[in-house]
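> structure of the sequence below:
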Amino acid sequence: MFRGRGALSRPLLPISAARRLLGDGTGPRTTEYVARYGDFSPGPIALPRPGKVLRIVLLGLLSIWLLFALLVNWTDSGTGLFLLLTGNTQAIVGGQVWRLVTAPLLHVPTGTIGHIFSALLGLYFLAPSLEEQWGSARFARFLFLTGTLSYATQFLCAALLGPDMSVRIVPPDYYGAMPVVEGVAIAWASTYRGRTVNLFFIFPVTSRGLILFVVGMSLMILIAGATPPSGHIALFAGMGYGYLLGGSTPSPIRRWYLKYRLARLEADAAREMRAGGAKRPRGRAGGFRVIEGGKGDRKDLN
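Purely as a prediction, here's the structure:
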């Protein structure tokens, strides 16, 4: 039996009656059926159209992965260069701070394509609408800051905890764009509240469901004791920066900064008004002085 889309109160039509009404699926009978019971024909699948910045990012990540996949798997010099660009706490402490910038660009070059595939797929399906709404400049800034700050946060935590305490949550070499992908997911869900996205091409998930899925998967990986290439701290930091830098327009962190600036300006203005009122000389009583005219006193007018 059929039920019209968005019309739960409409009566169901038996399949035999539907076939008699529809006929061959064309003509006025089909139009009458659609008008009465709704259209059940599957709509076209609209794939996202990446903007300029996202196209550059996707092609760049894929090109870098292909380069290192060839170097690591088919030459003897690729592994050393790859490890020179990953995040490494001891190396960053020693001054190799460029690793915080290059770490989000690298993905597992050997044995699997799942790492790079997950990053490209997540960015492709969630990021185009953000670039369209924010503009290229803010979108590029968001991607760069989310990736860099996520690994910077992980580096600071690992340096403070020490290798003995951080070994289960931070790998010796950490890399990958998955913190950025999870930041994009949180930013998308916070920006488009109530909207639905098809997860894995099939499952429709609301914005709240997407947040629960992203956070839940990261927690399950942590509980299972599996350490992802990016490290656990970077993943959760990516979610946090995704909200702070992209949770609304303007972003929550910029909105808080503007409120702070406004409060400071209002406090300075009030302070100047109080200081100015204390320095202003007090005038005489009434504040006026009578100046006589040239026609003499009132008695001269009589």
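> only C-alpha atoms from now on, for both contacts and neighbour counts.
Noted.
> quick one: contacts for I92?
Applying CA atoms under 8 Å, 6 or more residues apart in numbering, one finds that I92 lies in contact with R99, F155.
> that one: which element?
I92 belongs to helix 89-93 when assigned by DSSP states H and E.
> a strand runs through V205, doesn't it?
Yes - counting by DSSP: H, G, I helix; E, B strand; the rest coil, V205 is part of a strand.
> number of residues surrounding it?
16 (other CA atoms under 10 Å).
> what number of residues lie near the spatially closest residue to G246 that is not a sequence neighbour?
Of all residues not flanking G246 in the chain, A187 sits nearest, at 4.9 Å (CA to CA, 6 or more residues apart in numbering). Neighbour count for A187, taken as other CA under 10 Å: 28.
> the helix or strand hosting A187 - contacts with which helices or strands?
For A187, the element it lies in under DSSP H and E is helix 178-191. Packing partners of helix 178-191 (3 or more CA pairs under 8 Å, 6 or more residues apart in numbering; DSSP states H and E): helix 114-134, helix 136-161, helix 207-223, helix 232-246.
> who's in contact with the spatially most central residue of the chain?
The centroid of the chain falls nearest to A187 when counting by CA atoms, centre = their mean (2.6 Å). Contact analysis of A187 by CA under 8 Å, 6+ apart lists G242, Y243, L245, G246, G247, S248.
> now with 6 Å?
Counting by CA atoms under 6 Å, 6 or more residues apart in numbering, A187 makes contact with G242, Y243, G246, G247.
> roughly how far apart are it and W65?
Distance, A187 to W65, using CA to CA, to the nearest Å: 26 Å.
> next one: T89
With CA to CA as the criterion, T89 and W65 are 23 Å apart.
> looking at these two, which one has more neighbours?
A direct count of neighbours by other CA under 10 Å for T89 and W65 places T89 higher, at 27 against 21.
> what's the closest non-adjacent residue to that one?
Excluding the flanking residues, the one nearest T89 by CA to CA, 6+ apart is F155, at 5.7 Å.
> what helix or strand is the closest residue to A69 other than its chain neighbours on?
Closest residue to A69 apart from its sequence neighbours, by CA to CA, 6+ apart: P109 at 4.5 Å. Assessed by DSSP H and E, P109 sits outside every helix and strand.
> low-confidence regions, the stretch 151-300 of the chain specifically.
200, 277-300 (pLDDT under 70).
> the same query, at a cut-off of 90, please.
Residues of the stretch 151-300 of the chain meeting the criterion pLDDT under 90: 163-166, 193-205, 247-254, 268, 270-300.
> from the chain's centre, how far out does the helix holding A187 sit?
4 Å (CA atoms, centre = their mean, to the nearest Å).
> with only the CA atoms kept, save it in PDB.
Coordinates of each C-alpha in helix 178-191 appear next as PDB, following Å, rounded to 0.1, in the frame of the first residue of the first chain:
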ATOM      1  CA  MET A 178      40.500  14.000  10.200                       C
ATOM      2  CA  PRO A 179      40.500  16.700  12.900                       C
ATOM      3  CA  VAL A 180      39.600  19.200  10.200                       C
ATOM      4  CA  VAL A 181      36.900  16.800   8.900                       C
ATOM      5  CA  GLU A 182      35.300  16.500  12.400                       C
ATOM      6  CA  GLY A 183      35.600  20.300  12.800                       C
ATOM      7  CA  VAL A 184      33.800  20.700   9.500                       C
ATOM      8  CA  ALA A 185      31.000  18.300  10.600                       C
ATOM      9  CA  ILE A 186      30.500  20.200  13.900                       C
ATOM     10  CA  ALA A 187      30.500  23.500  12.100                       C
ATOM     11  CA  TRP A 188      28.000  22.300   9.500                       C
ATOM     12  CA  ALA A 189      25.600  20.800  12.100                       C
ATOM     13  CA  SER A 190      25.800  24.100  14.200                       C
ATOM     14  CA  THR A 191      25.300  26.300  11.100                       C
END
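> tilt between that helix and helix 207-223?
Per axes from the mean of the first three to the mean of the last three CA atoms, to 10 degrees, the angle that helix 178-191 makes with helix 207-223 is 150 degrees.
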